[in-house]
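Student: Need coordinates for the following:
(chains A, B and C)
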Amino acid sequence: MPDLLQVKAIDVFYGDFQALFGVSLSVEAGQIIAVIGANGAGKSTLLKTIAGLMHPRRGEIRFNDLTLTGRPAFDVVNHGIALVPEGRRLFPSLTVEENLLIGGQPRRPGPWTLPRVYDLFPVLAERRHLSAPALSGGQQQMAAIGRALMANPRLLLCDEISLGLAPIVVRDIYMRLPQIAAEGLSLIVVEQDIAQALRAASHVYCLQEGRVALTGATHELTRETISAAYFGV
Amino acid sequence: MIRVEHGTPSSRIGVMLIAATLAILAAAPFWGDRQTLRLLAEIYTFVALASLWNLLAGYAGLVSVGQQAFVGLGGYALFALAILLGVHPIVAILIAGPIGAIVAVPVAALIFRLRGAYFAIGTWVVAEVFRLLASQVSALGGGSGISLPAAVVIAMAPSRQVREFETYWLALSLTVIILAAIVMLLRSRHGLALTAIRDNELAAQTNGIDVWRIKFAVYVLTAFGTAMIGALIFLQKLRISPDTAFSVNDWTAFVIFITVIGGIGRIEGPIIGTIVFFVLRQALADLGSLYLLIMGTVAIIVMLLAPKGLWGMIAERFGWQALPLQRRLVFEKETRG
Amino acid sequence: MQWLNIILQGVLIGGLYAMFAAGLSLIFGVMRLVNIAHGDLIVLAAYVSLIVTQAMDIDPLVSLLLVVPIMALIGYALQRGLLNRTLGDDLLPPLLVTFGLSIIIQNGLLELFTADSRRLQAGAIEVQAFEVLQGVWIGVLPLIQFAIAVVVIAGLQTLFYRTAVGRAFRATSDDQSVAQLMGLDTRHVFAMAMALSLAVVAIAGIFLAVRTNFDPAIGPARLIFGFEAVIIGGLGSMWGTLAGGIILGVSQAIGAQIDPGWQLLAGHIVFLIILAVRPQGLFPKVTG
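Tutor: Next comes the predicted model:
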């Protein structure tokens, strides 16, 4: 199957500090990929760069046969890549419903509409007119995912959606991922919770200090190999 | 043992050049004509005003567009003291300082409730209030203003030439004192705190620096100096009115443009900026509103393209410092006999 | 009776002050920018209207149809071309650049139009008044201006809280990066906000020009009135700004009645008192 996303050897810097060294990654249509690694390994940086919030100094990003390298984030989302940012980052001045509606700002055609998102996360429908900060952590995470889905992306980037949430809530959210991926939506899931990531994804990339230390199909990799790559021993 | 050293090679040269320049300037009454003395005195007052504004905005982060409040306050203090209380003009200039500081205390208490740009506009409102109040004081000419009576002028010195020399030396010494005070402040422990605030206010606060107390103190001290300069300016003009005393264009616009172009947050900036300002003015021969237009445009361009100003660019490029303001730790071996 | 007339006048001019303030607080709300040139832009709008009414021989209120789009366009270009570059964490650049702009506009207008006082003629409507109670008169023009001020503020509220554009403004103001993730070009959003602000400024400018004499130097005073209305009313609330404008207008009217020289001073003093005892304003919006 042809690759939907191809990240080719990108170097990303924060000022003078290099965060990613020659990172390559590819995602096929309908695939769920996990990116794991310790804190500071560069996972969020990778997602932000794919989303267009940061730009690589070297390397290339190709999506759907288009070169997206260097394009601003508002352009990238118009082409079909949506990011659920780390820490949820809902708009505090907007209600839940307004957050979802603004997610649909790009007006891309697709199956995800407001009713459909409420179907996926009924608890949001109940709280649609509350201001975003009034929701619990888990509900906010659902709202953030719903907001990204409203853009009808072909590739959804999820940055640490389990962060700060109780395990049962995390399981609840991950349970719905198959529903999201069902219609051919690809996902890249960045996770601290390795077990959860491996359960959800078919392929995994392990980052260590800005480099890809390990990659492969989840069912082929052993616990030991992953640990070694994660900690860099 | 650890010592703190302030000088750099360029600052040593800088200090010598400054000393030489001061000597030449002090002798100006003997080599310069009346025009030159007046021009130089004007330059000194702008250097002083700009340096004070720089301390307030560039170091303490308090951007005021209302310093004309204290310029006018100082001017009116001088006229009030001299005319109504018969105080000698030069003594009146010295008293204007504390008057400015005392008034600054309740003013600060009020406007410090505003932040950022709203603080700036607040300072403007205060200046407006002062202007309107001054128009109400009929003893000092009300809305049309008043001239300094001949008796007061004569009290300074019987001959005009001696008076011109006196005001010239006053301007020079006041400016030098203000600059020296600023340098001493920046070299002190409080100055270190100020520089920290300039660089990163939040970090300064989390390091235990009482940011608000320092800002308050700087505001009051700046008012002190500004009021004295204001008194001096209007002693020279011999006439005051609410509109000239509290003019935004004369005492704030030019001062801000000078400091921006010269370099905010560095001592040398206002000096460089004043020189540029006066060179441009001579070159453009005082085209009035067109001149303000040009200065404003240049200031905007500098702010966008070279936010550290002319001196900022030079200093970063060559690492120069005209004044010994660096802090270096020098570790000396203790010798035991 | 006389006092009732005076207070009524104050209320009506408060509407104008609220319009001065509306554009200012809109911009602050969306991009945390305080435009020091705001008052001078109001005066610029007055002069644009002067040119338009003279060139096309039309009524000032009709000239609104042209002046509003012209000012909106100027606002878009100004933000996109200049002010967007000043936005960031440092508060110095936007302050100093807009201050420089203020000086440039004032002196540019001075060069083009001289310091002569001007006034826009609106015709008979300027002197029309009607009696509401015995001895209590309301001018038709001030009443229209007040009504339009209320409509403008209501319109802005509706725009902000019930439309997609308003959502975009609020989201961009909350979080610029994430707003970009929603497909919003923040440079464009900010420019639209400034265009909207200057559209309101255009209306305020024409009302000002019809009501009083204007010249290039009166900009800063309008900025101060708008600013005082915002602070008295409370940051973040448009209706609070209307209340602030009314309080300011009434204070000035009462002050003027006591002594003509006290008109402006009375307003400033009320502002300073509010600042001293209730710095958050009378009707602050509690934002999340």
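Student: how much space is there between B:A315 and C:I105?
Tutor: 33 Å (Cβ to Cβ, to the nearest Å). Using the backbone N, CA and C atoms, a C-beta is placed for each residue, glycine as well.
Student: Repeat that for A:A144.
Tutor: For A:A144 relative to C:I105 (Cβ to Cβ), the value is 44 Å.
Student: Sketch out the strands for chain A, chain order is fine.
Tutor: A:3-14, A:17-28, A:32-37, A:58-63, A:66-67, A:81-84, A:155-159, A:186-191, A:203-208, A:211-217 (DSSP state E).
Student: what is the mean pLDDT for stretch C:151-171?
Tutor: In this model, stretch C:151-171 has a mean pLDDT of 94.
Student: Start and end of it, how far apart?
Tutor: Distance across stretch C:151-171, first residue to last, is 24 Å (Cα to Cα, to the nearest Å).
Student: Return the set of buried residues in that stretch.
Tutor: Within stretch C:151-171, the residues that qualify as buried by neighbour count (16 or more other Cβ atoms under 10 Å in any protein chain shown) are C:V152, C:I153, C:L156, C:F160, C:G166, C:R167, C:A168, C:F169, C:R170, C:A171.
Student: Do me a favour and get the end-to-end distance for stretch B:142-151?
Tutor: Rule used - Cα to Cα; the end-to-end distance of stretch B:142-151 is 21 Å.
Student: Now it: buried residues?
Tutor: B:G145, B:I146, B:L148.
Student: likewise stretch C:276-286?
Tutor: So for stretch C:276-286, counting by 16+ other Cβ under 10 Å, buried means C:G281, C:F283.
Student: C:I104 is in contact with B:M295, isn't it?
Tutor: No. Using Cβ atoms under 8 Å, C:I104 is not in contact with B:M295, being 9.3 Å away.
Student: Neighbour count: these two, which is higher?
Tutor: B:M295 (26 against 20; other Cβ atoms under 10 Å in any protein chain shown).
Student: Out of the buried residues of stretch B:142-151, which comes closest to chain A?
Tutor: Distance to chain A across these (Cβ to the nearest Cβ) is lowest for B:G145, with 50.5 Å.
Student: And the pLDDT for the closest one?
Tutor: Confidence at B:G145, expressed as pLDDT, is 89.
Student: what sits against it?
Tutor: By Cβ atoms under 8 Å, 6 or more residues apart in numbering or on different chains, the contact set of B:G145 is B:R239, B:I240, B:S241, B:P242, B:D243, B:T244, B:A245.
Student: Give me the buried entries from those residues.
Tutor: Buried among these (16+ other Cβ under 10 Å): B:I240, B:S241, B:P242, B:T244, B:A245.
Student: And whatever residue of chain B ends up closest to chain C, how far from C:Q280?
Tutor: Nearest residue of chain B to chain C: B:A117, at 3.3 Å (Cβ to the nearest Cβ). Distance, B:A117 to C:Q280, using Cβ to Cβ: 17 Å.
Student: Contact residues of chain A facing chain C?
Tutor: For chain A, the residues in contact with chain C (Cβ under 8 Å from any Cβ of the partner chain) are A:51-53, A:72-74, A:77-78, A:82-83, A:85, A:89, A:91-94, A:98, A:101-103, A:105-106, A:131, A:133, A:147-148, A:151.
Student: Restricted to buried residues, select these in ChimeraX.
Tutor: With 16+ other Cβ under 10 Å as the criterion, this ChimeraX line picks the buried residues out of these:
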select /A:51,52,53,73,74,77,82,83,85,89,91,92,93,94,98,101,102,103,105,106,131,147,148,151
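Student: chain center to the helix ranked longest in chain A, what's the gap?
Tutor: Longest helix in chain A, counting residues (DSSP state H): helix A:137-149. Chain-centre distance of helix A:137-149: 12 Å, with Cα atoms, centre = their mean, to the nearest Å.
Student: Could you list the buried residues of that helix?
Tutor: The neighbour-count check on helix A:137-149 (16+ other Cβ under 10 Å) flags A:G138, A:Q139, A:Q140, A:Q141, A:M142, A:A143, A:A144, A:I145, A:G146, A:R147, A:A148, A:L149 as buried.
Student: Kindly report the same for stretch C:211-228.
Tutor: In stretch C:211-228, counting by 16+ other Cβ under 10 Å, buried: C:211, C:214-220, C:222-228.
Student: Indicate whether it makes contact with chain B.
Tutor: Yes. Using Cβ under 8 Å from any Cβ, stretch C:211-228 reaches chain B at C:P220, C:A221, C:L223, C:I224, C:F227, C:E228.
Student: Run through the residues that contact residue 108.
Tutor: Defaulting to chain A. A:N78, A:G80, A:A151, A:N152, A:P153.
Student: should've been chain B
Tutor: B:F216, B:Y219, B:V220.
Student: Just among those, which is most surrounded?
Tutor: Highest neighbour count within those: B:Y219, with 23 neighbours (other Cβ under 10 Å).
Student: Once you drop chain neighbours, what's closest to that one?
Tutor: Distances taken as Cβ to Cβ, 6 or more residues apart in numbering or on different chains put B:A108 closest to B:Y219, at 4.9 Å, once the chain neighbours are dropped.
Student: Over to B:R113?
Tutor: According to Cβ to Cβ, 6+ apart, the nearest residue to B:R113 is C:P279 (4.1 Å).
Student: residues in chain A within reach of chain B, list them.
Tutor: Checking chain A against chain B by Cβ under 8 Å from any Cβ, there are no hits.
Student: Point out where chain A drops to low pLDDT.
Tutor: Of all residues in chain A, those with pLDDT under 70 make up the ranges A:1, A:233.
Student: Where does it get nearest to chain B, residue-wise?
Tutor: A:G15 (15.6 Å).
Student: so how many other residues sit close to that residue?
Tutor: 5.
Student: Can you report phi and psi for it?
Tutor: phi 70, psi -120 (degrees, to the nearest 10).
Student: Can you tell me how far it is from C:D175?
Tutor: Between A:G15 and C:D175 the computed distance is 22 Å (Cβ to Cβ).
Student: Next: C:Y76.
Tutor: 23 Å.
Student: What of B:R239?
Tutor: Using Cβ to Cβ, which is the criterion applied here, B:R239 is 55 Å from C:D175.
Student: what does the stretch 51-200 of chain C have sitting close to chain B?
Tutor: Proximity of the stretch 51-200 of chain C to chain B, by Cβ under 8 Å from any Cβ, involves residues C:82, C:85-86, C:90-97, C:99-101, C:103-104, C:106-108, C:110-111.
Student: These in helices, which ones?
Tutor: Among those, the members falling in helices (DSSP H) are C:92-97, C:99-101, C:103-104, C:106-108, C:110-111.
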